[in-house]
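Colleague: The sequence isn't on hand, but the structure is:
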């Protein structure tokens, strides 16, 4: 089981930079690690004979993938299943793998640490690219990737890094996560992504929501980190990127959003033609072709992409994954609930300007949050009573036998006659 967890840890570590290394004939490096992690998970399950009972999130994810398969096979029957559908299948396998292997809170926290460390790779590579090509490029993204996509990937690591930097029991992990804040924010700023800036602001809500619970020393450290992050951004971000970021409110007011509004309008018109079952996974381009007259690449909105491709029923199933995780997180208390809700909100906002419905980052965060909600509400009682859960009635097993009153012999009194 430990070997399988190590494989899953390295797989999560590779998510923020999964496109950096491409193996000829195989694909991206993270796919190789993911395949090894799945194989080791299956071996661990067979050897232990233990399979965890699913929670509402796992059922919602399974039903969504099942619906996508049913629409394609029963309604459209394509000659071959589209690539996006197989991506959904792989994402569900990832969800199952995390659920089976990361059974404890410490293991789930370890996976969040792996993601933050992986985000370091992308952020540092973006900063190095800026140092090399500062005069030749207007926006920067590691390994020649999409700047908007990278910005959202780095933004997801902000609440994780803050939470781990304040709570992790290992000093080296705490300081590594604390240092991610200025580095990650600088990497996001260099991408010039307006959506990434908004998602970062949502992720930074974890700071004011947790400051009241910090000790004076940690509070001073938090203020220092924020000051350093702001200073680094002011010192290194080019003026061209600052100008681009400053146009966010103008584009919202003008309903342009980089040409996205026209795509969204065409998407809703396509939805009206097939409202219940949609056009099938990966068919967004085909659905909008009659109105736009050209094949747009992506929907630039995850929820609209699901709505057009999977229909209203598919969107309900997709949203049920988020709703089930949200309801589970509401059972948490204190700092943990604030952190998990901020992380969920960061992902939900990041999906608004991007087609992230089939991205590993989204499904990983949902799987990790669902696992944390389950692990954190479990309270272990003595072995005789078995595991209990927060909010459940106390153990009602048989009470131990209580000694009865001790009879004290007394002298028998005779009767007078």
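Modeller: All right, it came through fine. Everything numeric here is computed off the predicted structure, so don't read it as measured data.
Colleague: mind listing what's buried in stretch 51-58?
Modeller: 55, 57-58 (16 or more other Cβ atoms under 10 Å). Yep, even glycine has a C-beta here, placed from its N, CA and C like the rest.
Colleague: Enumerate the positions of stretch 176-187 that are buried.
Modeller: Going by neighbour count (16+ other Cβ under 10 Å), the buried part of stretch 176-187 is 176-178, 180-187.
Colleague: which residues make contact with that stretch from outside it?
Modeller: For stretch 176-187, contacts defined as Cβ atoms under 8 Å, 6 or more residues apart in numbering pick out 113, 116-117, 119-120, 122-124, 126-127, 142, 150-151, 154-155, 157-158, 160-162, 164-165, 168, 200, 221, 225-226, 228-229, 232-233, 236-237.
Colleague: Mark which of these are part of helices, please.
Modeller: With DSSP state H as the criterion, helices contain 113, 116-117, 119-120, 122-124, 126-127, 150-151, 154-155, 157-158, 160-162, 164-165, 200, 221, 225-226, 228-229, 232-233, 236 from among these.
Colleague: Give me the buried subset of those residues.
Modeller: Buried among these by 16+ other Cβ under 10 Å: 113, 116-117, 119-120, 122-124, 126-127, 150-151, 154-155, 157-158, 160-162, 164-165, 200, 221, 225, 229, 232-233.
Colleague: Residue 289 and residue 79, how far apart?
Modeller: 19 Å (Cβ to Cβ, to the nearest Å).
Colleague: Compare neighbour counts for these two and give me the winner.
Modeller: residue 289 (15 against 4; other Cβ atoms under 10 Å).
Colleague: Quick check: residue 124 vs residue 160, distance?
Modeller: 17 Å.
Colleague: so where do the helices sit in the stretch 151-300 of the chain?
Modeller: With helices called from DSSP state H, counting those that start in this stretch, the stretch 151-300 of the chain shows them at 171-191, 194-203, 206-211, 216-236, 239-245, 248-253, 260-273, 284-292.
Colleague: Name the residue closest to the centre of this structure, please.
Modeller: In the chain, the residue lying closest to the centroid (Cα atoms, centre = their mean) is residue 365, at 1.6 Å.
Colleague: what's near enough to touch it?
Modeller: Residues near residue 365 by Cβ under 8 Å, 6+ apart: 156, 343-344, 347.
Colleague: now do 6 Å
Modeller: Residue 365 is in contact with residue 347, counting by Cβ atoms under 6 Å, 6 or more residues apart in numbering.
Colleague: Which helix or strand contains it?
Modeller: For residue 365, the host element (DSSP states H and E) is helix 360-376.
Colleague: now that helix: how far from the chain's centre is it?
Modeller: 6 Å (Cα atoms, centre = their mean, to the nearest Å).
Colleague: how about it: buried residues?
Modeller: 360-376.
Colleague: What average pLDDT does that helix get?
Modeller: Helix 360-376 carries an average pLDDT of 94.
Colleague: got it, and stretch 15-29?
Modeller: 71.
Colleague: Also stretch 155-168?
Modeller: 93.
Colleague: One more: stretch 119-126?
Modeller: 93.
Colleague: what's the offset of it from the middle of its chain?
Modeller: For stretch 119-126, the distance to the chain centre is 18 Å (Cα atoms, centre = their mean).
Colleague: repeat for stretch 29-39
Modeller: Its chain's C-alpha centre and that of stretch 29-39 lie 19 Å apart, by Cα atoms, centre = their mean.
Colleague: Go through that stretch and flag the buried ones.
Modeller: 29-31, 33-35, 37-38.
Colleague: for those residues, which one is nearest residue 90?
Modeller: Distance to residue 90 across the buried residues of stretch 29-39 (Cβ to Cβ) is lowest for residue 34, with 7.5 Å.
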